[in-house]
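give me coordinates for this.
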Amino acid sequence: MDEKQFKEMVQFAIGREIDAMNFYTQAKKMVKHSGTKELFADFAKQEEGHKKKLEGVLKGKVDVAKIEKVPNLKISDYLVETELRPDISYAEILRIAMKREERSVKLYTDLKERNQDAALSNLFTFLIQEESKHKYAIEKIYDEEILK
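Prediction:
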């Protein structure tokens, strides 16, 4: 992948992080459960941090991050996403959130596989991990509160 294509992919990822921030900010207002409100508010802040890390990549700054293994309940593998709407149910908001995080993991996995730089590979691995943590947290809530 040439530098122009790589920058375009990073710009696309930045746009996805902005979309995620907006989604969690909006979803926070739509859920009634205070724990989920707090979780979504925290995710919005984390997505903003991811955006800043990606903007740093475009400026030539790459942070090295600690990588951890994140469990995957794979609940989202079997769910169909719906549209965010005013009368949406709690379960549907959780499904949308899981599917969005799943797509983010796929995006960062693709970016990682397409670059040759070790520091960038570490950054994308970190972002994969972060989005996987979000997905896992949402899957746990879904498992405990919806599938119970």
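
quick check, residue 120 in contact with residue 57.
Yes. Between residue 120 and residue 57 there is a contact at 6.8 Å, judged by Cβ atoms under 8 Å. (C-beta placed from N, C-alpha, C; glycine too.)

those two: which has the busier surroundings?
Comparing residue 120 with residue 57 by other Cβ atoms under 10 Å, the one with more neighbours is residue 57, at 22 against 17.

ok, so what distance separates that one from residue 94?
Here residue 57 is placed at a distance of 30 Å from residue 94 (Cβ to Cβ, to the nearest Å).

how close does residue 112 sit to residue 137?
Applying Cβ to Cβ, the value for residue 112 to residue 137 is 22 Å.

go on, residue 9?
Distance from residue 9 to residue 137, by Cβ to Cβ: 26 Å.

hmm, who's touching stretch 101-119?
For stretch 101-119, the external contacting residues (Cβ atoms under 8 Å, 6 or more residues apart in numbering) are 1, 6, 9-10, 12-13, 16, 20, 62, 64, 76-77, 120-121, 124-125, 127-128, 131-132, 134-135, 138.

now stretch 44-63
Applying Cβ under 8 Å, 6+ apart, the set of residues contacting stretch 44-63 is 7, 10-11, 13-14, 17-18, 20-21, 24-25, 28, 117, 119-120, 122-123, 126-127, 130, 134.

mind giving me the ChimeraX select for the residues you listed, buried ones only?
In ChimeraX, this line selects whichever of these come out buried by 16 or more other Cβ atoms under 10 Å:
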select :10,13,14,17,20,21,24,25,28,120,122,123,126,127,130,134
